[in-house]
Each structure stands twice: as structure tokens, then as C-alpha cells.
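Engineer: Show me the folded form of this:
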Amino acid sequence: MTAELQLQGSSPAGPDSDTAKVTVPLLLNGNENQAHTFPHKMLIKVKTLTGKEIELDIDPEDKITRIKEKVEEQSGVPPQQQRLIFGGRQMPDDKTAKDFNITAGSVLHLVLALRGGF
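Structural biologist: Model (predicted):
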């Protein structure tokens, strides 16, 4: 399986004068019909109860635990005090962003779980 790419550059002769077509093999992941996919980062937002928005660069395979660690890096709130909500549901630490269909531009909500007593 191959893919054809068209490369375009610029030269003194003009902006469209350097055009070339290149055919390259696709990387396969054990199956001829399945192109290998690489993990990709995506930008999401986490909104706090005060309205502050935290932007995070995450991978779809990141566990919720890792997302909480990234929130801590920017907010100072320890992961054990965080509850992340998406689509009206609290997300368990052992699940991934992909498990909840979190995509680029998604907004998670941060709720603090403060424990206390009398």
C-alpha cells in the first residue's frame, strides 16, 4: 500500500515552480488494510467552579489520573482532591480520555472533593 504526496516549495523562478510528486509506502501495523496510527495530542479545557479555564495538551490514551496530574501542575490542586466531570459524569481515575470520547476542544469540569469533619 502506498500514498502519493505532492510537495510544493518556492524558488527564484516563482512560488509554484518547485512541485514534485512522491510515492511512499504507508507504515502498516501488522495488517495490510490498517495503516499504523500514532498517538496524537489534543488541546482540551478544564473549567473550575470559579470560571477559570485551564488548557491542557493531552493524549487520548492518557488516563484520568494523568490528566489530574496535569491539572495539578497548573492549579496546585492535588489529584486526590479533584473530581473531573465530563458529560455530566464523574470520570474514574483508571479510565482514559478516549473511553469518554473526549476530543480536541472538549471542556471538563473540575469539582473539589474536600474532606472534613467536626
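
Engineer: where does the chain dip in pLDDT?
Structural biologist: For the chain, applying pLDDT under 70 flags the ranges 1-39, 117-118.

Engineer: for it, what spans make up the strands?
Structural biologist: Using DSSP state E, the strands of the chain run over 2-11, 14-25, 42-47, 53-58, 82-86, 89-90, 107-112.

Engineer: Would you agree Phe100 is in contact with Leu84?
Structural biologist: No - at 9.4 Å, Phe100 and Leu84 do not qualify as touching, with contact defined as C-beta atoms under 8 Å. Glycine gets a C-beta too; all of them are placed from N, C-alpha and C.

Engineer: neighbours around Asp93, how many?
Structural biologist: By other C-beta atoms under 10 Å, the residues close to Asp93 number 14.

Engineer: ok, the residue lying closest to Thr65 once chain neighbours are set aside - contacts?
Structural biologist: Nearest residue to Thr65, sequence neighbours excluded (C-beta to C-beta, 6 or more residues apart in numbering): Asp93, at 4.5 Å. In this structure, Asp93 makes contact with Lys63, Ile64, Thr65, Lys68, Pro79, judged by C-beta atoms under 8 Å, 6 or more residues apart in numbering.

Engineer: Most widely separated two among those?
Structural biologist: Largest separation among those by C-beta to C-beta: Lys63 and Pro79, giving 11.0 Å.

Engineer: List the buried residues in stretch 93-107.
Structural biologist: Thr96, Ala97, Phe100, Ile102, Ser106 (16 or more other C-beta atoms under 10 Å).

Engineer: Next: stretch 42-50.
Structural biologist: Met42, Ile44, Val46.

Engineer: Quick check: closest non-adjacent residue to the second one.
Structural biologist: Leaving out its chain neighbours, the residue that sits closest to Ile44 by C-beta to C-beta, 6+ apart is Ser106, at 4.8 Å.

Engineer: pretty sure the one you found contacts Gly87?
Structural biologist: No - under the criterion of C-beta under 8 Å, Ser106 makes no contact with Gly87, lying 9.1 Å away.

Engineer: Which members of the contacts of Asp93 are positioned in helices?
Structural biologist: Ile64, Thr65, Lys68 (DSSP state H).
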